[in-house]
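# I need the structure of the sequence given here:
(one chain, ligands or ions: 2)
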Amino acid sequence: MVTNDTTLENIHSGLNISTEKALEETVLSPRFYTTDFEAMDKIKIDSVRTEWDKLMKEFEVDSNIDHFQRPSNMMQDYSNLEPSLYKEFTDFLISSITSEFSGCVLYAEIKKKVKNTEMKKLFGYMARDESRHAGFINQWLKDFNIGVDLGFLVKAKKYTFFQPKFIFYATYLSEKIGYARYISIFRQVEKKPELRFHPIFLWFERWCNDEFRHGEAFALLMRSDPKLLKGVNLWWIRFFQLAVFATMFVRDHQRPIMHKAMDMNPTDYDLQVFKITTEISKQVFPVLLDVENPKFINLLTTLNKTSIKIDNTKKTGFVNKYFFGSLLKIKVLIIFLRLFFMRPVKNPLPENMRVKPTW
Ligand SMILES: [Fe+2]
Ligand SMILES: [Fe+2]
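Ligands and ions are numbered 1, 2, ... in the order given. Just a heads-up that it's a prediction; the model follows:
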């Protein structure tokens, strides 16, 4: 992970647009993470042993081993989409491949660095799955001549350090939200096949079961260590739920044309994803966000509108950019805090820690 800035700068000039996009470091763009491997060595899963062994068997079966293959009749040119749809769709694919690859890099790194055999095994399975997911999206991007240079990304993208518990909260949520997003899109194009403007959506059903299973592993890891689910950590759990949901809401609203093409209203779609994710999260989080409260979506809508205004000030003159831009950023913070302090829903943890992907 040690990089030489001058070399990277030279290489940067030769990068394609999608690799540049995947490298972006904004508040909303997917990140790469690293963690404390020695702390991960100390994890003991004895208290959830029965469930753990069952889950490891599921990983071992590798039910998606043959799934990420493209039949020869799908090697056609799908790039002749309407230009604004093409732009939003490729943006969606690039953001998805960055998230998939971020998981792959983190899981592979954990597998390599830990000595704990249970962790080595789990993270090996999950790195296997994520590398398939990222590789599969890249095949479609390469059809458009905009494949992401994943090898370069590993070296050049910045890494954010998180303690294992924060990795668990954040990654659990991104796996489960990934499941909820993919399955909601799949169900929509299953119902209305005429809206399926690209074949990749056909893969989403079996694909999202991988994400679901990854989430199950993090649920067991958290439930094996009860202190992660009480005291001050309850505030962290609320924070991560909100951060993940708010980021998704703002990003999805940046792709109105793609949602329209699938006859989905981004606000309704996001609310559905929040509800599914929150329902699943009952397996592990003792506090949940009140996503069904209309105030929650109203505040997110205001947050999104304010974030659009901030983007607009960036295109204007100095005074607008810095003066009004700063005021708007304060407004975003206030809305975020109002969301954060909304009364949460208390959730007594169920005895059965596992959930089935039935959506
Ligand atoms: Fe994945
Ligand atoms: Fe995953």
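
# Name the helix or strand for whatever residue of the stretch 201-350 of the chain ends up closest to ligand 1, please.
Using Cβ to the ion, the single residue of the stretch 201-350 of the chain nearest to ligand 1 is E211, 5.2 Å away. For every residue, glycine as well, the C-beta is placed using N, CA and C. For E211, the element it lies in under DSSP states H and E is helix 204-223.

# Look up how far K314 lies from the residue of the stretch 201-350 of the chain closest to ligand 1.
Taking Cβ to Cβ, to the nearest Å as the measure, E211 falls 34 Å from K314.

# More neighbours: which of these two?
Neighbours per residue (other Cβ atoms under 10 Å) separate E211 from K314, with E211 holding more: 27 against 9.

# Pull up the gap between the more buried one and ligand 2, please.
For E211, the distance to ligand 2 (Cβ to the ion, to the nearest Å) stands at 4 Å.

# Read off the pLDDT value for that residue.
You'll see E211 listed with a pLDDT of 97.

# Wait, it touches L173, no?
No. Contact criterion Cβ atoms under 8 Å: E211 and L173 do not qualify, at 11.3 Å.

# pLDDT score for whichever residue of the stretch 51-200 of the chain sits closest to ligand 1?
Relative to ligand 1, the nearest point of the stretch 51-200 of the chain is H133 (3.7 Å; Cβ to the ion). pLDDT for H133: 96.

# wait, it sits on D210?
Yes. Using Cβ under 8 Å, H133 is in contact with D210, at 7.1 Å.

# Same drill for those two, tell me which one is more crowded.
Applying other Cβ under 10 Å to H133 and D210 shows that D210 carries more neighbours, namely 26 against 23.

# Please report the number of neighbouring residues for P83.
For P83, the number of neighbouring residues by other Cβ under 10 Å comes to 9.

# The residue of the stretch 201-350 of the chain closest to ligand 1: what's it in contact with?
E175, K176, G178, Y179, Y182 (Cβ atoms under 8 Å, 6 or more residues apart in numbering).

# count of neighbours near T278?
By other Cβ under 10 Å, the residues close to T278 number 21.

# Over the strand or helix carrying F152, what's the mean pLDDT, rounded is fine.
For F152, the host element (DSSP H and E) is helix 150-156. Regarding helix 150-156, the rounded mean pLDDT is 87.

# That helix - contacts with which helices or strands?
Applying 3 or more Cβ pairs under 8 Å, 6 or more residues apart in numbering; DSSP states H and E, we find helix 150-156 packed against helix 5-12, helix 17-23, helix 83-113.

# Strands of the stretch 251-359 of the chain, start to end?
Remark: strands assigned in the stretch 251-359 of the chain by DSSP state E, counting those that start in this stretch are 287-288, 345-346.

# Pull up the pairing partners for the first one, direction included.
Each strand that strand 287-288 pairs with, and the sense of that pairing, follows from DSSP bridges: strand 345-346 (antiparallel).

# what separates the strand it pairs with from the chain centre, distance-wise?
From the chain centre to the centre of strand 345-346 is a distance of 24 Å (Cα atoms, centre = their mean, to the nearest Å).

# With stretch 287-301 instead?
Worked out by Cα atoms, centre = their mean, stretch 287-301 lies 20 Å from the chain centre.

# How about stretch 170-182?
Going by Cα atoms, centre = their mean, the spacing between the C-alpha centre of stretch 170-182 and its chain's C-alpha centre is 6 Å.

# Please list the residues outside it that contact it.
Under the criterion Cβ under 8 Å, 6+ apart, residues 33, 99, 103, 106, 162, 204-205, 207-209, 211-212, 214-215, 218-219, 222, 240-241, 244-245, 248, 272-273, 276-277, 280-281, 284, 357, 359 lie in contact with stretch 170-182.

# what sits against the residue in the stretch 151-300 of the chain positioned nearest to ligand 2?
Closest to ligand 2 within the stretch 151-300 of the chain is H214: 3.8 Å, counting by Cβ to the ion. Listed by Cβ under 8 Å, 6+ apart, the contact set of H214 reads G103, M126, D129, E130, T171, E175.

# mind listing which of these are in helices?
G103, M126, D129, E130, T171, E175 (DSSP state H).

# May I see those organised as TSV, with distance to ligand 2 added?
Output for the ones in helices among the contacts of H214, formatted as TSV (distance: Cβ to the ion, whole Å):
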residue	distance to ligand 2
G103	5
M126	6
D129	6
E130	5
T171	8
E175	5
